[in-house]
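> For reference, the sequence and a predicted model appear below.
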Amino acid sequence: MRLIVLTENSVYRRGLLAEHGWAVWVEREGRAFLFDAGQTSLVLTRNAEALGVRLGEAEGILLSHGHYDHAGGLPAALAAARDKQTVWLHRDALVPKFSCPENGRAQEVGLPQSAREALNAKAVLRFVEGPAEAAPGIFVTGPVPRQTDFEDTGGPFFLDPKRRRADPLLDDQALFIEESNGITVLLGCAHAGVINTLLHIRELTGARRPFKAVLGGAHLVNASERRLRRTAEELRALGVRRLFPAHCTGVPAIARLWRELPGVCAPCSAGLELASAA
Ligand SMILES: [Zn+2]
Ligand SMILES: [Zn+2]
């Protein structure tokens with residue numbers, strides 16, 4: 001298995017670009033997928049080139065949810081494909097989405113028009129309603145049940161700019177790779193809660209193997225003290241061996257997890273590559 005972070009909010013190597021977004025290249029047993037596409041085609045294309053990734057070799061795109069910072073690079077990802085490309089996503093990823101902070105201006109945060117046009121022209125949509133296996137050992141979770149009492153999975157997300165209908169973000173899903181020596185989890189933004197997501201994956205895999213790595217956005221930017229404390233406790237209880245908090249996790253939450261889980265956390269920027277022989 002090989003993972004390469006193509007788009008993240010930061011970079012730590014020459015020649016790469018950073019933006020508020022998330023995209024990861026996933027390879028296993030000769031098969032390749034793109035998990036999310038970042039915010040822009042520009043960054044996705046440039047970083048893929050700099051990291052030696054040929055986007056056209058992906059046999060599918062797995063979309064964590066329908067926010068612009070994960071789907072904005074779809075035009076480049078789809079343009080690189082020779083034929084129509086399979087895109088795995090939940091149906092709700094396509095609905096209009098807004099961020100409406102209580103005292104701020106509503107902003108559209110769903111799929112940009114260019115991504116919608118690219119999907120219409122070049123994609124075969126595979127709507128995910130539950131857990132699905134994209135290739136041997138590579139799964140998407142489908143909707144994640146909200147079962148913890150400390151993860152506030154709300155936030156400023158609405159289906160309209162007037163704050164009338166809250167967006168339950170049922171489209172939010174994670175990717176996981178099951179290997180003989182453990183499970184690797186790629187979060188999108190974990191709007192469903194990082195612990196809810198890991199508990200769901202543990203149920204799906206029958207707790208057969210440890211979580212050897214968890215990467216991605218944990219959306220803890222506005223998390224309460226209780227949520228941060230309980231999240232760290234649960235990550236410890238779940239036995240997560242390596243945690244790469246990224247994207248929308250937020251600096252204070254990353255600092256907290258780093259301190260509470262000694263030796264577990266590691267930096268995650270565009271250019272990070274993880275490989276395992278299992
Ligand atoms: Zn999001
Ligand atoms: Zn995001």
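Cool, the structure landed. Numbering: from 1, shown residues only. Ligands and ions are numbered 1, 2, ... in the order given.

> hey, let's count contacts and neighbours off CA atoms from now on
Will do.

> For the closest residue to F98 other than its chain neighbours, the count of nearby residues, please.
Excluding its sequence neighbours, the residue lying closest to F98 (CA to CA, 6 or more residues apart in numbering) is E108, at 4.5 Å. E108: 19 surrounding residues under other CA atoms under 10 Å.

> Have a look at this structure and report its longest helix.
For the chain, the longest helix by residue count, based on DSSP state H, is helix 225-237.

> helices and strands around that one, which ones?
Counting contacts by 3 or more CA pairs under 8 Å, 6 or more residues apart in numbering; DSSP states H and E, helix 225-237 packs against helix 194-204, helix 251-260.

> can you pull out the strands in the stretch 1-150 of the chain?
For the stretch 1-150 of the chain, the strands defined by DSSP state E, counting those that start in this stretch cover 2-7, 23-28, 31-35, 61-62, 85-89, 98-99, 107-108, 123-127, 132-135, 138-140.

> mind checking which of those strands is nearest L220?
strand 98-99 (16.0 Å; CA to CA).

> what comes into contact with the closest one?
With contacts defined as CA atoms under 8 Å, 6 or more residues apart in numbering, strand 98-99 is touched by A106, Q107, E108, V109, G110, P156, F157, F158, L159, D160, P161.

> hang on, the earlier thing: return the distance of the longest helix of the chain from the chain's centre.
Centroid separation for helix 225-237 versus its chain: 20 Å, with CA atoms, centre = their mean, to the nearest Å.

> Report the mean per-residue pLDDT for it.
On average, the pLDDT along helix 225-237 is 97.

> Following the chain onward from it, which element is next?
The C-terminal neighbour of helix 225-237 among helices and strands, as given by DSSP states H and E, is strand 243-246.

> Count the residues that sit near D149.
9.

> ok, and for stretch 39-55, which residues are buried?
For stretch 39-55, the neighbour count (16 or more other CA atoms under 10 Å) marks Q39, T40, S41, V43, L44, T45, N47, A48, L51, L55 as buried.

> what's the farthest-apart pair in these?
The widest separation within the buried residues of stretch 39-55 (CA to CA) is 17.8 Å, between Q39 and L51.

> thinking again about what came up before, closest one of the contacts of strand 98-99 to G137?
G110 (29.6 Å).

> from what I can see that closest one touches H65, true?
No: G110 is beyond contact range of H65, at 9.1 Å (criterion: CA atoms under 8 Å).

> So which of those two has more stuff around it?
Higher neighbour count among G110 and H65: H65, with 28 against 23, using other CA under 10 Å.

> And for the closest residue to that one other than its chain neighbours, the neighbour number?
In space, H65 comes closest to D172 once its chain neighbours are excluded; the distance is 4.8 Å by CA to CA, 6+ apart. By other CA under 10 Å, 27 other residues sit near D172.

> now swap in E57 and tell me
E57, neighbours per other CA under 10 Å, totals 14.

> can you check L63 too?
Residues near L63, counting by other CA under 10 Å: 27.

> What of R236?
By the measure other CA under 10 Å, the count of residues near R236 is 14.

> if I look at it, how far off is R2?
Look at R236 and R2: by CA to CA, to the nearest Å, they are 25 Å apart.

> ok, now E57?
Taken as CA to CA, the span from E57 to R2 is 14 Å.
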